[in-house]
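K.L.:
Fold the following.
(chains A and B)
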2 protein chains.
Amino acid sequence: MKILLITIGDNEDKYLATGFELYAKRLQHYASFEMVTISSQKNKSNSKEAAILAEAKEIQKKITPSDLIILLDEKGKEYSSLEFAKQVQKYLNMPGKRMVFIIGGPYGFAPEIKERANQTVSLSKMTFNHQMARLFFLEQLYRAMTILKGEPYHH
Amino acid sequence: MKILLITIGDNEDKYLATGFELYAKRLQHYASFEMVTISSQKNKSNSKEAAILAEAKEIQKKITPSDLIILLDEKGKEYSSLEFAKQVQKYLNMPGKRMVFIIGGPYGFAPEIKERANQTVSLSKMTFNHQMARLFFLEQLYRAMTILKGEPYHH
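P.N.:
The predicted structure follows:
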């Protein structure tokens, strides 16, 4: 089982890196988990549209046509942790599919990425700092794995 | 303007303490902000009910009858960041009131605390690690303050 997390924009909050490493390591017990960061094009582009298009091109290089693409976006569908775990189980049941979660940059996603996505998940109605969203998502994915294995982490 | 954040249970994820300090300091620009931690009674009590009752007693010591009490609980009402900022503004308009936000322990709140609460707010439908919820909430409260001041942090 392969899971890739793509994030956009370098982490500026160094203390969070400890958390990223902690949960990425924990996730390794359940899946072949990889996390890659695409540089934000915010400061290299002339407009918001140009930035998200440049980011989209970089995202396209990381994914394959057979991947399941799940975008993390506050406008997506909200799940409880149990519901999210069930959703992850559904994906795990699709043979040969790699799950690719993508957390966008401050400007969101280009239309071509939205169209390619199999699903859009929201962690909260609230807008979070993008770096924090990574940590919350990693914890939530780890929580989903422990729920599916019947382990006592989630209570 | 006074704001108190009460959390239950010592922080076990040391790396998060950097984030707590960062946002607590930022909040100081907008309000007299204080954060206190009540020890979890989980391991000192015979039952879940005994633990939350013992925690409730400690909470009662920290609050006064005139405080506005806002519980953070996944079963509460969800807000967008803008809606939450508006809600904070409403509280700020009530003269002489201290805002007290409380993040519960793993067992939630005793009935007497739920009855005393003026409101219950949910950060997400998902269950988060309680320490992360603190960071999440601190960032959201800071974001609310910048929204109310028309500052560019939230975009």
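K.L.:
got the phi/psi numbers for the residue of chain A most remote from its centre?
P.N.:
When distances are taken from the C-alpha mean of chain A, residue A:46 lies farthest, 26.3 Å away, according to CA atoms, centre = their mean. Main-chain torsions, residue A:46, degrees, to the nearest 10: phi -80, psi -20.
K.L.:
Over to residue A:149?
P.N.:
phi -90, psi 0.
K.L.:
Contacts (any at all) between chain B and the longest strand along chain A?
P.N.:
With DSSP state E setting the assignment, residue counts place strand A:68-78 as the longest strand in chain A. Yes: against chain B, strand A:68-78 shows contacts by CB under 8 Å from any CB of the partner chain at A:74, A:78. C-beta coordinates here come from the backbone N, C-alpha and C atoms, glycine included.
K.L.:
Can you give me the buried ones in that strand?
P.N.:
Judged by neighbour count (16 or more other CB atoms under 10 Å in any protein chain shown), strand A:68-78 contains these buried residues: A:68, A:69, A:70, A:71, A:72, A:73, A:74, A:78.
K.L.:
Need the three-state assignment for residue A:22.
P.N.:
helix (DSSP: H, G, I helix; E, B strand; the rest coil).
K.L.:
that's a helix at residue A:11, yeah?
P.N.:
No: using three-state DSSP, the secondary structure at residue A:11 is coil, not a helix.
K.L.:
separation between it and residue A:152?
P.N.:
According to CB to CB, to the nearest Å, residue A:11 stands 30 Å off from residue A:152.
K.L.:
So for those two, which sits in the more crowded spot?
P.N.:
Per other CB atoms under 10 Å in any protein chain shown, whichever of residue A:11 and residue A:152 has more neighbours is residue A:11, with 15 against 7.
K.L.:
show me the contacts for the more buried one.
P.N.:
A:17, A:20, A:37, A:131, A:134 (CB atoms under 8 Å, 6 or more residues apart in numbering or on different chains).
K.L.:
do that again at 10 Å, thanks
P.N.:
Counting by CB atoms under 10 Å, 6 or more residues apart in numbering or on different chains, residue A:11 touches A:17, A:20, A:37, A:130, A:131, A:134, A:135.
K.L.:
Likewise for residue A:91?
P.N.:
Per CB under 10 Å, 6+ apart, neighbours of residue A:91: A:1, A:3, A:68, A:70, A:97, A:98, A:99, A:118, A:119.
K.L.:
Restrict those to the buried ones and give me that as a ChimeraX selection.
P.N.:
Here is the ChimeraX selection string for the buried members of these, based on 16+ other CB under 10 Å:
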select /A:3,68,70,98,99
